[in-house]
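Student: The amino acid sequence is not available; the structure is as follows:
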């Protein structure tokens with residue numbers, strides 16, 4: 001890696017950076033997709049209903 005940088009082979013820098021950015025983008029897309037398609041659990045819905053009943057008189 002260092003020898004390629006000293007020889008001014010910028011592809012030696014660009015390819016690892018491209019790989020890291022692609023991996024990070026894929027991970028963030030997967031997390032976002034999972035969060036968007038996750039359905040709430042029935043226990044969570046019950047807690048929200050109880051909280052709303054306590055707030056309103």
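Tutor: Looks like it arrived, so ask away. The shown structure was predicted, so the numbers you read here are calculated from the model rather than taken from an experiment.
Student: and residue 25, what element?
Tutor: Element membership for residue 25 (DSSP states H and E) is helix 11-37.
Student: That helix - contacts with which helices or strands?
Tutor: In terms of contacts (3 or more Cβ pairs under 8 Å, 6 or more residues apart in numbering; DSSP states H and E), helix 11-37 is packed against helix 2-6. No exception for glycine: its C-beta is placed from N, CA and C like everyone else's.
Student: Spatially central residue for the chain, please.
Tutor: Centroid-nearest residue in the chain, with Cα atoms, centre = their mean: residue 28, separated by 2.4 Å.
Student: so what's that one scoring on pLDDT?
Tutor: Looking at residue 28, its pLDDT is 98.
Student: who touches it in this structure?
Tutor: Not one residue lies near residue 28 by Cβ atoms under 8 Å, 6 or more residues apart in numbering.
Student: What is the neighbour count of residue 23?
Tutor: Counted by other Cβ atoms under 10 Å, the residues lying close to residue 23 total 10.
Student: Could you do residue 13 as well?
Tutor: Residue 13 has 13 nearby residues by other Cβ under 10 Å.
Student: same thing with residue 20?
Tutor: 10.
Student: State the distance from it to residue 29.
Tutor: 15 Å (Cβ to Cβ, to the nearest Å).
Student: Likewise for residue 19?
Tutor: Distance from residue 19 to residue 29, by Cβ to Cβ: 16 Å.
Student: From residue 27, how far off is residue 33?
Tutor: On the measure of Cβ to Cβ, residue 33 and residue 27 end up 11 Å apart.
Student: Hmm, I typed the wrong one, I wanted residue 35.
Tutor: 13 Å.
Student: before we move on, what about residue 8?
Tutor: Distance, residue 8 to residue 27, using Cβ to Cβ: 32 Å.
Student: Straight-line length of stretch 4-13, end to end?
Tutor: This stretch, stretch 4-13, spans 9 Å end to end (Cα to Cα, to the nearest Å).
Student: Now it: average pLDDT?
Tutor: 80.
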